[in-house]
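Visitor: sequence plus the predicted model coming up.
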Amino acid sequence: MRTTTKRPAEEESNLSGFQLFKKLTEDEFNRLNYEKSCSLYKKGTIVYREGSRLTGFYCVTKGIVKIFKTGIDGKEQIIRFAKRGDIIAYRSLLSQELACTTAKIIDDAVLCHIPYQTLLYLIQNNWQFSHHMLQIVCRELREANDYITDIAQKTVRERLAEVLLLLKENFELDNQNTLQISLTREELANMVGTATESVIRLLSEFKQDKLIELQGRKIKFLNISGLRKVASI
């Protein structure tokens with residue numbers, strides 16, 4: 001479902017900053033821009049659902065998108081958060097499978113939809129683009145392998161510390177050392193793979209240990225090296 005109250009501004013639909021498209025020829029990039037369709041998505045909008053058939057992949061040019069799977073009990077398992085410069089929905093498209101995740105907007109966003117035929121054309125005609133796509137898929141596989149290892153070998157306390165450090169790496173901190181993404185305790189729990197109550201308790205412990213400071217949903221980092229030690233990194 002799309003929310004398109006107005007067209008995105010030209011600068012919000014610009015794909016020139018995407019690393020994936022850096023090696024395209026001028027003609028290929030012009031074709032990409034001609035065939036893309038960019039839309040505004042409001043917070044809470046579902047871009048696509050698990051099990052749906054995709055017609056293309058999406059480039060995030062603004063905002064934040066939550067990518068998650070739904071368990072048999074209806075509980076979310078958050079796979080990752082996509083931000084400006086990221087692409088989503090490409091793996092299922094490449095494998096010609098139904099969408100294996102759901103994408104939900106958590107911060108007003110602009111997404112540019114790239115049709116499957118455009119992707120196929122670029123893969124077949126530009127080996128550097130194909131190589132970059134392969135690198136992205138391999139990185140996603142490595143991250144999935146790392147997560148499986150963490151679930152099997154690390155405690156919930158270690159995993160939460162690691163998730164906080166991962167969020168810091170992906171979204172950075174402001175000049176007050178506060179994380180630049182606001183998540184609910186439930187969302188954090190869904191990333192860690194544990195109960196919300198456990199995350200609330202552990203965040204309180206991290207605060208008592210002066211590793212972080214809590215300001216509602218905002219998390220301020222006080223001792224990054226201490227968090228790395230807790231995460232066994």
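Guide: On my side now, so go ahead.
Visitor: strands of this protein, start to end?
Guide: Assigned strands in the chain, in chain order: 37-41, 46-48, 56-70, 76-82, 87-88, 102-115, 212-215, 218-221 (criterion: DSSP state E).
Visitor: now render those as JSON lines, adding mean pLDDT, distance to residue 203 and mean neighbour count.
Guide: For glycine as for every other residue, the C-beta is placed from the backbone atoms N, C-alpha and C. Rendered in JSON lines, the data for those read as follows (pLDDT from 0 to 100; distance: least, Cβ to Cβ, whole Å; neighbours: other Cβ atoms under 10 Å):
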{"stretch": "strand 37-41", "mean pLDDT": "96", "distance to residue 203": "29", "mean neighbour count": "20"}
{"stretch": "strand 46-48", "mean pLDDT": "97", "distance to residue 203": "28", "mean neighbour count": "19"}
{"stretch": "strand 56-70", "mean pLDDT": "96", "distance to residue 203": "19", "mean neighbour count": "21"}
{"stretch": "strand 76-82", "mean pLDDT": "92", "distance to residue 203": "16", "mean neighbour count": "19"}
{"stretch": "strand 87-88", "mean pLDDT": "96", "distance to residue 203": "28", "mean neighbour count": "21"}
{"stretch": "strand 102-115", "mean pLDDT": "96", "distance to residue 203": "19", "mean neighbour count": "21"}
{"stretch": "strand 212-215", "mean pLDDT": "95", "distance to residue 203": "6", "mean neighbour count": "15"}
{"stretch": "strand 218-221", "mean pLDDT": "96", "distance to residue 203": "8", "mean neighbour count": "18"}
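Visitor: who wins for proximity to residue 165 among the ones you listed?
Guide: Among the strands of the chain, the nearest to residue 165 by Cβ to Cβ is strand 218-221 (8.9 Å).
Visitor: quick one: which of the strands of the chain is nearest residue 137?
Guide: Of all the strands of the chain, it is strand 87-88 that lies closest to residue 137, at 10.9 Å by Cβ to Cβ.
Visitor: which outside residues touch the closest one?
Guide: Counting contacts by Cβ atoms under 8 Å, 6 or more residues apart in numbering, the residues outside strand 87-88 that touch it are 18, 20, 47, 57-60, 65, 67, 82, 103, 136.
Visitor: what's the answer for stretch 156-169, then?
Guide: Applying Cβ under 8 Å, 6+ apart, the external contacts of stretch 156-169 come out as 81, 150-151, 154, 179, 181, 183, 188, 191-194, 198-199, 202-203, 205-206, 211-212, 219, 221, 224, 227-228, 230-233.
Visitor: so which bits of the helix-or-strand element of the chain with minimal mean pLDDT are buried?
Guide: Considering only helices and strands, the least confidently modelled element of the chain by mean pLDDT, DSSP states H and E is helix 127-153, at a mean of 89. Buried residues in helix 127-153, counting neighbours by 16 or more other Cβ atoms under 10 Å, are found at 129, 132-133, 136, 147, 150.
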